[in-house]
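Participant: I would like the atomic coordinates for the input below:
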Amino acid sequence: MISTSRGREHRQLSLLEEHGTPAASPSADAAPPVSSTLSTKRTAKTEAPKVVRATSTQKNDAAPKKPAKKGRRASAESMAQKQREISVSEFFTKNRHLLGFDNPSKALLTTVKEAVDNSLDACEEAGIPPELRVEIHQTAEDRYRVVVEDNGPGIVKAQIPKIFGKLLYGSKFHRLKQSRGQQGIGISAAGMYGQLTTGKPVVVTSKTGKGRPAHQYEIVLDTRKNQPNILADTTIDWERREHGTRVEIELQGNYRAGRRSVDEYLEQVGIANPHATITYVPPNNRAPLMLERVTDELPPETTEIKPHPYGIELGMLIKLMKESTHRSVSGTLQAEFSRVTARVAHQICETAGLRPTATAKRLGPQEIEKLYRAIPKVKVMAPPTNCIVPIGEELINRGLARELRAAIYASSTRPPTVYRGNPFRVEVGLAYGGDLRRMAIEEDSLTIKAKTEDRGEGPITLLRFANRVPLQYQQSACAIFKAVVDTSWKSYGLSQPRGGLPVGPMVLLVHIASVWVPFTSESKEAIAHYPEIIKEMKLALREVGRKLNAFLRRREKDRLQEKRRSIFSMYIGELARSLSRLGAGDETRIQKKLDVLVAKHAPQREVAVAAGASEVADSPVGLVEMSDDGELDDGELELDREEPRQLSLVDDDAPSAPKASKKKAAPKKKAAPKKKAAPKKKAPARKATSKKTTTKKTATKKTATKKTATKKTATKKTATKKTATKKTAKKKTAPKKGRRS
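Facilitator: As a prediction, this is how the structure comes out:
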């Protein structure tokens, strides 16, 4: 109360001072009189209303109002009431870009891809040569109905709703076996996307055998529960197929031809799966496309393997030990891992300081961690490789040749290797030259096949595959792209910009086969950058690059030989005339035989198929000439007078007596100096005008002198041998005659 009264007095005094009335400061020694205090109070009361009107804004500025206190926005109890479980289908409904449904064009391609992958896996697992039919029908401006039909073994009735109406449901996630599908998401996610964009259900028809009814379902995915809702379940007569499955999905999409289209995807599927027949019916009333199989042999059946101990993680090892059905640690290691024998299991336990007979379920976290640290210190055999089936070098070449008309086809398959305990193999194939020099991207045609625009100066076309499945997107984020860019293609005859793909008319195919391909995301568009995988890819690329370099060098050599052949054909008449003057026969017959020889080695186109490399020669074979031994060689065409057997061009009816030819040639030698005098004077002028001809002549003279020198040495050696044999024979015969006499 005292403080408030003092504050009021101070405010009153300040107001009086503002209006001109002096205010005496109160002191503690002398108290003011009562009359003065009363007068001041009266004046303050009378003038108070005026003062309030004058200083109302000042009061508001000096003492702002305090905001009212608010309560807490949320409490632990209110937040706990909002917590609930999120299903997988709800998550991917909001994050469908993770599954490859970013835009309408990509969504259409992803839907076809998932259905085709399932069909090929089912046919191969059942041992049936795949026959697929893919149809795309446009139902509205931005809506398409995708139909994929196969001749596989079919699906059991009870499993149809779960396979197509539930995410993360399948038979391939918990096993280590090479297959196209891995996660059990693809086809059900495609149906979910169609349901979200069009509201239409997925229609599935399946038949398991001849004479059995076909079951048809209409399925919708319940995104909250991740469970299928069956709208219709009927039995129909499907007489066109003895067994198989048909899937129909209507979705919002955008069809386009060219790069990263359904057309290109199916074409690449045909390259990586030469044992499959694919019939494709594109939209817009275009003509159907038929991709016939190249081989009737199915790939060998793959086997399932157990995980390798080198690829195990600590958390997985703890789970295995706690859930093991085997009593001892040694028995658990042998049962749960591949390539772990009793001896290897004992070595791992000894390295970790544990007893092999210790109970697996009673091991503590520290003991299991010691066991985990001891596994890399023990040498364990690599995992088996019969679980991986590559395409094969020959089938890669044949698959490329079915779609492309190139000059050379080369391929290479690396031996199996391991990353994180998972076996894998890398294959590389290429097609170079030929019609690939004229390729273009057109809207109404496939992108790989030959077109009318020159593409020789552009970058190569890179085809990426994982378990025979083409990878269409995220090329720069893939390990295959990194391996190709890091390879020095200049060493193999191709130009390459820094940090980019090589330049040239080439299609490069890279395939990785593994029991578990390390994709970077659920959409399976790029491969992770594991050092072991990139190393194997580089080695395979170098092997194929060496084959390409050998072809390019041989083609350049053939080009030079073709140039020599054309020059030689220009002087056939002069050569025939000179040979006839030397007495070889009639000039016309010699010229005919020379023409036959040149025509025999004219440019040809031949196909040579091999396991590692095959080619269609797009360059001339070149002039194949005769050697000193009478065999075809790359040497010069010479006429040896000492050995007339090499003159296969000589007329058969001409006289073969050497003396007569020498006598007839004698008068020509006497008249020769007068005729040759004129060209000798012109010789210096030719040397001055053209230096290249002089160098060529000197080179030919040197080679001629070398050959004559070698021939002279050979004749000298034979002569010395003959004289030596004669002398020895005389010495032997001389004493015998003396004894007889």
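
Participant: mind pulling up the phi and psi values for residue 403?
Facilitator: According to degrees, to the nearest 10, the main-chain angles of residue 403 amount to phi -100, psi -20.

Participant: Do I have it right that it meets residue 270?
Facilitator: Yes: if you go by Cβ atoms under 8 Å, residue 403 and residue 270 touch, sitting 6.7 Å apart. Using the backbone N, CA and C atoms, a C-beta is placed for each residue, glycine as well.

Participant: Who has more neighbours out of these two?
Facilitator: Neighbour tally, residue 403 and residue 270, criterion other Cβ atoms under 10 Å: the higher count belongs to residue 270, 21 against 18.

Participant: show me the contacts for the closest residue to the more buried one other than its chain neighbours.
Facilitator: Nearest residue to residue 270, sequence neighbours excluded (Cβ to Cβ, 6 or more residues apart in numbering): residue 291, at 4.1 Å. Each residue near residue 291 by Cβ atoms under 8 Å, 6 or more residues apart in numbering is listed here: 266, 267, 270, 276, 277, 278, 279, 280, 402.

Participant: With residue 138 instead?
Facilitator: Residues near residue 138 by Cβ under 8 Å, 6+ apart: 144, 145, 255, 283, 284.

Participant: I'd like to check what contacts stretch 487-495. Which residues are they?
Facilitator: Here stretch 487-495 makes contact (Cβ under 8 Å, 6+ apart) with 460, 496, 502-504, 506, 538, 541-542, 545-546, 548-549, 552-553.

Participant: Export that stretch to CSV, keeping only CA atoms.
Facilitator: Below are the C-alpha coordinates for stretch 487-495, written out as CSV (Å, rounded to 0.1, in the frame of the first residue of the first chain):
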residue,chain,number,x,y,z
THR,A,487,37.1,-47.4,-68.5
SER,A,488,39.6,-45.8,-70.8
TRP,A,489,38.0,-46.4,-74.2
LYS,A,490,40.7,-44.4,-76.0
SER,A,491,43.0,-47.4,-75.6
TYR,A,492,40.5,-49.5,-77.7
GLY,A,493,40.1,-47.1,-80.6
LEU,A,494,37.1,-45.0,-79.4
SER,A,495,37.0,-41.3,-78.5
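
Participant: got the buried residues for it?
Facilitator: Going by neighbour count (16 or more other Cβ atoms under 10 Å), the buried part of stretch 487-495 is 487, 489, 492, 493, 494.

Participant: other SSEs contacting the one helix or strand residue 394 maps to?
Facilitator: Here residue 394 sits within helix 393-403, counting by DSSP states H and E. Here helix 393-403 touches helix 262-272, strand 408-413, strand 422-432, strand 506-514, strand 613-616, going by 3 or more Cβ pairs under 8 Å, 6 or more residues apart in numbering; DSSP states H and E.

Participant: what sits against residue 596?
Facilitator: By Cβ under 8 Å, 6+ apart, no residues touch residue 596.

Participant: gap between it and residue 571?
Facilitator: Residue 596 is 16 Å from residue 571, where distance means Cβ to Cβ, to the nearest Å.

Participant: among the contacts of stretch 487-495, which ones are buried?
Facilitator: The neighbour-count criterion (16+ other Cβ under 10 Å) marks 460, 496, 502, 503, 504, 506, 538, 541, 542, 545, 548, 552 among the contacts of stretch 487-495 as buried.

Participant: backbone phi and psi for the second one, please?
Facilitator: In other words, residue 496. Main-chain dihedrals, residue 496, degrees, to the nearest 10: phi -150, psi 120.

Participant: One more: the fifth one?
Facilitator: Note on residue 504: its backbone torsions stand at phi 150, psi 170 [degrees, to the nearest 10].

Participant: Please tell me how far it sits from residue 562.
Facilitator: Distance of residue 504 to residue 562, computed by Cβ to Cβ: 22 Å.

Participant: Repeat that for the second one.
Facilitator: Taking Cβ to Cβ as the measure, residue 496 falls 28 Å from residue 562.

Participant: tell me the domain ranges of this protein?
Facilitator: Following the assignment in automatic domain parsing, the chain carries domains at 89-255, 309-377, 393-551, 571-669.

Participant: so which of those domains gets nearest residue 300?
Facilitator: Of all the domains of the chain, it is domain 89-255 that lies closest to residue 300, at 10.0 Å by Cβ to Cβ.

Participant: Let's verify residue 593: helix, strand, or coil?
Facilitator: Assigned by DSSP: H, G, I helix; E, B strand; the rest coil, the conformation of residue 593 is helix.

Participant: So it versus residue 575, what's the distance?
Facilitator: Residue 593 sits 11 Å away from residue 575, going by Cβ to Cβ.

Participant: can I get the domains of the chain in JSON lines with mean pLDDT and distance to residue 295?
Facilitator: Listed next are these as JSON lines, based on pLDDT from 0 to 100; distance: least, Cβ to Cβ, whole Å:
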{"stretch": "domain 89-255", "mean pLDDT": "89", "distance to residue 295": "9"}
{"stretch": "domain 309-377", "mean pLDDT": "89", "distance to residue 295": "31"}
{"stretch": "domain 393-551", "mean pLDDT": "83", "distance to residue 295": "6"}
{"stretch": "domain 571-669", "mean pLDDT": "52", "distance to residue 295": "13"}
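
Participant: now the ones you listed as a markdown table including distance to residue 299?
Facilitator: Listed next are the domains of the chain as a markdown table, based on distance: least, Cβ to Cβ, whole Å:
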| stretch | distance to residue 299 |
| --- | --- |
| domain 89-255 | 7 |
| domain 309-377 | 22 |
| domain 393-551 | 9 |
| domain 571-669 | 17 |
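
Participant: among the ones you listed, which is nearest residue 557?
Facilitator: Nearest to residue 557, of those and by Cβ to Cβ, is domain 571-669 at 7.1 Å.

Participant: Can you give me the buried ones in stretch 555-568?
Facilitator: Of all the residues in stretch 555-568, those buried under the rule 16+ other Cβ under 10 Å are 555, 558, 561, 562, 565, 568.

Participant: I meant stretch 463-481, not that one.
Facilitator: In stretch 463-481, counting by 16+ other Cβ under 10 Å, buried: 463-475, 478-481.

Participant: What of stretch 324-342?
Facilitator: By 16+ other Cβ under 10 Å, the buried positions in stretch 324-342 come out as 324, 326, 328-334, 336-340.

Participant: So which of the residues you listed are in helices?
Facilitator: Counting by DSSP state H, those place 329, 330, 331, 332, 333, 334, 336 in helices.

Participant: Mind giving me the packing neighbours of the helix or strand hosting residue 369?
Facilitator: Residue 369 is part of helix 365-374 when elements are defined by DSSP H and E. Identification of packing neighbours for helix 365-374 by 3+ Cβ pairs under 8 Å, 6+ apart yields helix 314-322, helix 342-352.

Participant: Out of these, which is closest to residue 420?
Facilitator: Closest to residue 420 of the helices and strands packed on helix 365-374 is helix 314-322 (Cβ to Cβ; 11.7 Å).

Participant: and residue 102, how many neighbours does it have?
Facilitator: With other Cβ under 10 Å as criterion, residue 102 counts 14.

Participant: let me redo that: residue 126
Facilitator: Neighbour count for residue 126, taken as other Cβ under 10 Å: 14.

Participant: Quick check: phi and psi on it?
Facilitator: Per degrees, to the nearest 10, the backbone of residue 126 is at phi -90, psi 0.
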